[in-house]
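>>> Model the following, please.
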Amino acid sequence: MLDHAELSEEPDEDGLQILPFHVAEQGTYKLESVVDKKTQNEVRILRSEAIVVECPSAEISSFSELQPHFCQGEVDALKIHVRGVPPLHLTYSQDVNGHPVTIPIDGIKPESFTSPFVHGGLEIVQHPYERFDYSFAQSHPITLTYPLALDVVGHWEYTLLEVKDALGNLVDYKGTPRSYTVAVHEVPKIQFRGCSEDNPTKLLKGRDSNLYFNVHTTEQGPFNVTLGYTAKSSDTQTLNTYELQHKRDSLSIRTPGMYYIVNVTSRYCPGHVLTPQSCLVITPAAPTLQIEWSTLKDQCSGTVGVTADLTFTGEPPFHLSYRVLSRAVNTHEVKRFKVDRTRHQIDFRPDVAGTYVYDFLTIDDANYRYVELEGKMYAHEATIHPLPGARFTDLNIRKTCIGSSLSVPIRLIGSGPWNLTYDVSQSGAKRKSMWTTIEVPDTWLELPGFTMGGKATVSLRSVRDSSGCTVQLSEDDLMVDVRREKPSARFYTNSVTGRDGDIVKLPLRLTGEAPWSVRYTLVNMGGQRSEHEVMVNDPNGFIETRSEGVYELVAVADATCPGAIKSGYERFEVTWIARPKLDIVGFEGVPLHETLRLDDVCAGEDVLLDLTLHGTPLSKVGSDCRRETFYG
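Predicted coordinates:
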């Protein structure tokens, strides 16, 4: 029992003073009397009783305290343990991935609990407490349970903010938060990627293949995948579990059959299997080739070639490589070609007579490469006498000028020598037939000079080889553009005067097609003659020189034809302006830089020095006069 208490604070404006009494035990405290020691007056008591109760407290946890990881869609239960005088008020926050929500809970009390605070609260407190049973002020433990639907993947956190009992006692946990944290993980989903029963994976003979998966999840690996396997020739199923390190990982396989996904699990969650769930792995057969050989005959030449009828098995496209051995020209040539279907025919018609061996080496299809072909059917030998033939090897339009001849490349087929007949027609005029004898297969056909300008056509008409076989030809014609005017060259002027050492440009006027090749001669001032050639790209170009003398155009040719030099404009003279010269009259011929001494004169008398100037006026003369001082 306390007898007195010291003032803890100065009186406020209303004269109210606070006397603190420190107590350590819970219960009901009643003021018997209050006496002012100075005046010995008894203080009137407005409220004689006070209730001291246990401070409210709260704890937050889960029914799965040892398992802080859950899968999306699972349900957890939040447990909140509250202790204090009911009814209690609690505030906590729910934070899901950084989005907090504050949740208040009011009226927390045990079942069938009655209390004056439930029915009036503050009004009851203001009346004398002896009317009431003080058992309502006892602390009660209460456990609240709230189910949690964990439907959002991420970080969930529940934090207690404050708890308050019926008497208004408040405990704030913001400084020392009490929280419960749980991680919600996405449920993985898996399916085969790039493989199904309708789109099988190919496992080539002697090689490995891979099963590829799509794992749909934001979780990181590893993932455990259970696969079932059934061999093609068996109904027995086997199960094996594999570990995928990441979402795009693959599994290496070496056995064909049916693979199917049984389940998948991430580090925390079992998953779902999506379609396609099954993957068929097949081993395609290697490609094969069947060849039937036949001979190409001609009544005149005999065997002119062979035909290979090809039949494939496998998956197109196919690629075949073969070699041709020629004993006639001693060549060994390897070729490769593509076939997009399962049947194909190829003709071998060499241009030169002789014995040939055709040997198919390898075959590819869409699955296998470089499968070697072995067997007698893949090689064939034949002695061939090709029908005579001829063709131009370059059909680009040729250009020439009137009166100029032209050589064009041509190839002859068969056994030489050959007699070739061809036609030449110019500008719609009558065709002119010509013939020539050719000794070698690849040569140049010399065409006679063209007499008319415009378009000309050269047509190969017929050819006869050494065996006497004649073939009428239907090869493409060669077109010739015959220019009506030959190129020409001339000097634009005929002389120029310059300074010794400068570059002088001799102006030209050229006709024809660039570039031009211009040849000219130079006779220098000493009478020596030299010949030069220059390429000019501009019809109004120049010949550049540093030499004095007489220049004469000798020949010109443009991009197509030789040309002519215009008479009367073929010469050009280059002369240098004479360098200036000075002589002192009376001292002509004196060596340069020699000092000249004049006769002595008396002071005040004038002396004249006569000079002779050579060159183009106006001239500028510089002099240096030195005087000698002497005493006599």
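>>> who are the neighbours in contact with residue 178?
58, 59, 60, 159, 160 (CB atoms under 8 Å, 6 or more residues apart in numbering). From N, CA and C alone the C-beta is placed, and that goes for glycine too.
>>> For burial, what's the neighbour tally of the closest residue to the first one other than its chain neighbours?
Ranked by CB to CB, 6 or more residues apart in numbering and with sequence neighbours excluded, the top spatial neighbour of residue 58 is residue 163, at 4.4 Å. By other CB atoms under 10 Å, the residues close to residue 163 number 27.
>>> The helix or strand harbouring residue 163 pairs with which strands, and in what direction?
Residue 163 belongs to strand 154-164 when elements are defined using DSSP states H and E. Applying DSSP bridges, strand 154-164 is found paired with strand 88-96 (antiparallel), strand 170-172 (antiparallel), strand 178-185 (antiparallel).
>>> Present these as CSV; the columns should include mean pLDDT and distance to residue 487.
Below are the strands paired with strand 154-164 laid out as CSV (pLDDT from 0 to 100; distance: least, CB to CB, whole Å):
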stretch, mean pLDDT, distance to residue 487
strand 88-96, 93, 91
strand 170-172, 92, 108
strand 178-185, 88, 88
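>>> residues contacting the residue positioned nearest the centre of the chain?
Geometric centre of the chain, nearest residue: residue 248, 22.7 Å, by CA atoms, centre = their mean. Residue 248 sits next to 212, 213, 214, 215 when contact means CB under 8 Å, 6+ apart.
>>> May I see the contacts of residue 178 organised as a markdown table, with pLDDT added?
Compiled in a markdown table, the contacts of residue 178 are given as follows (pLDDT from 0 to 100):
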| residue | pLDDT |
| --- | --- |
| 58 | 91 |
| 59 | 90 |
| 60 | 86 |
| 159 | 91 |
| 160 | 92 |
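>>> In PyMOL, select just the buried ones from those residues.
To isolate the buried ones among the contacts of residue 178 in PyMOL, judged by 16 or more other CB atoms under 10 Å, type:
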select buried, resi 58+60+159+160
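>>> Distance check, residue 355 against residue 322.
17 Å (CB to CB, to the nearest Å).
>>> Those two - which one has more neighbours?
Neighbour tally, residue 355 and residue 322, criterion other CB under 10 Å: the higher count belongs to residue 322, 20 against 12.
>>> can you confirm the more buried one is in a helix?
No: counting by DSSP: H, G, I helix; E, B strand; the rest coil, one finds residue 322 to be strand, located in no helix.
>>> beta partners for it?
residue 335, residue 360.
>>> do residue 158 as well
Bridge pairing for residue 158 - DSSP bridges - gives residue 94, residue 180.
>>> what's the neighbour count on it?
For residue 158, using other CB under 10 Å, the count is 22.
>>> Name the secondary structure element that contains residue 482.
Going by DSSP H and E, residue 482 is in strand 478-483.
>>> Would you agree residue 361 is in contact with residue 373?
Yes: between residue 361 and residue 373 there is a contact at 6.3 Å, judged by CB atoms under 8 Å.
>>> So which bits of the strand holding residue 482 are buried?
478, 480, 482, 483.
>>> show me what contacts the second one?
By CB under 8 Å, 6+ apart, residue 480 lies in contact with 397, 398, 399, 400, 406, 447, 450, 455, 456, 457, 458.
>>> Mark which of the residues you listed are buried, thanks.
For the contacts of residue 480, buried by 16+ other CB under 10 Å: 398, 399, 400, 406, 447, 450, 456, 458.
>>> Dump those residues to JSON lines, plus secondary structure and distance to residue 382.
Shown next, in JSON lines, are the buried ones among the contacts of residue 480 (DSSP: H, G, I helix; E, B strand; the rest coil; distance: CB to CB, whole Å):
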{"residue": "398", "secondary structure": "strand", "distance to residue 382": "38"}
{"residue": "399", "secondary structure": "strand", "distance to residue 382": "43"}
{"residue": "400", "secondary structure": "strand", "distance to residue 382": "43"}
{"residue": "406", "secondary structure": "strand", "distance to residue 382": "39"}
{"residue": "447", "secondary structure": "strand", "distance to residue 382": "37"}
{"residue": "450", "secondary structure": "coil", "distance to residue 382": "44"}
{"residue": "456", "secondary structure": "strand", "distance to residue 382": "41"}
{"residue": "458", "secondary structure": "strand", "distance to residue 382": "34"}
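>>> Distance check, residue 225 against residue 150.
When residue 225 is compared with residue 150 (using CB to CB), they lie 25 Å apart.
>>> Tell me which of these two has more neighbours.
Between residue 225 and residue 150, counting by other CB under 10 Å, residue 225 is the more crowded of the two (24 against 19).
>>> Quick check, the more buried one in contact with residue 190.
Yes: the criterion here is CB under 8 Å, and residue 225 meets it with residue 190 at 6.6 Å.
>>> Can you identify each of the strands in the stretch 501-632 of the chain by residue range?
With DSSP state E, counting those that start in this stretch as the criterion, the stretch 501-632 of the chain has strands at 504-511, 516-524, 529-536, 542-545, 549-557, 564-565, 571-576, 581-584, 611-614.
>>> ok so, going back, farthest-separated two in the contacts of residue 178?
In these, two members sit farther apart than any others by CB to CB. They are 59 and 159, at 12.1 Å.
>>> What number of residues are in the vicinity of the residue nearest to residue 159 when sequence neighbours are not counted?
Excluding the flanking residues, the one nearest residue 159 by CB to CB, 6+ apart is residue 179, at 4.0 Å. Number of residues near residue 179 (other CB under 10 Å) recorded here: 13.
>>> and if you look at residue 251?
Other residues close to residue 251 by other CB under 10 Å number 16.
>>> which secondary structure element contains the nearest residue in space to it that is not next to it in sequence?
Closest residue to residue 251 apart from its sequence neighbours, by CB to CB, 6+ apart: residue 211 at 4.6 Å. Using DSSP H and E, residue 211 sits within strand 209-216.
>>> how about that strand: buried residues?
In strand 209-216, counting by 16+ other CB under 10 Å, buried: 209, 211, 213, 215.
>>> low pLDDT regions in this structure?
1-15, 63-67, 118-133, 328-330, 428, 586-598, 615, 619, 623-632 (pLDDT under 70).
>>> how's this structure carved up into domains?
57-185, 189-282, 288-384, 389-477, 488-576 (automatic domain parsing).
>>> Can you get me the start-to-end distance on the longest one?
Start and end residues of domain 57-185 are separated by 32 Å (CA to CA, to the nearest Å).
>>> how far is that domain from where the chain is centred?
Distance, stretch centre to chain centre, for domain 57-185: 60 Å (CA atoms, centre = their mean, to the nearest Å).
>>> ok, back up a step: residue 87: which of the buried residues of strand 478-483 is nearest?
Closest to residue 87, out of all of the buried residues of strand 478-483 and judged by CB to CB, is residue 478, at 113.5 Å.
>>> I'd say that closest one and residue 390 touch.
No: counting by CB under 8 Å, residue 478 does not reach residue 390; the two are 11.6 Å apart.
>>> Just give me the neighbour total for residue 301.
22.
>>> which ones are touching the residue nearest to it when sequence neighbours are not counted?
Excluding the flanking residues, the one nearest residue 301 by CB to CB, 6+ apart is residue 385, at 4.6 Å. Counting by CB under 8 Å, 6+ apart, residue 385 touches 301, 302, 303, 304, 353, 414, 415, 467.
>>> I'd like those laid out as a markdown table, including distance to residue 599 and secondary structure.
Below are the contacts of residue 385 laid out as a markdown table (distance: CB to CB, whole Å; DSSP: H, G, I helix; E, B strand; the rest coil):
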| residue | distance to residue 599 | secondary structure |
| --- | --- | --- |
| 301 | 114 | coil |
| 302 | 118 | strand |
| 303 | 117 | strand |
| 304 | 114 | strand |
| 353 | 108 | coil |
| 414 | 106 | strand |
| 415 | 107 | coil |
| 467 | 112 | coil |
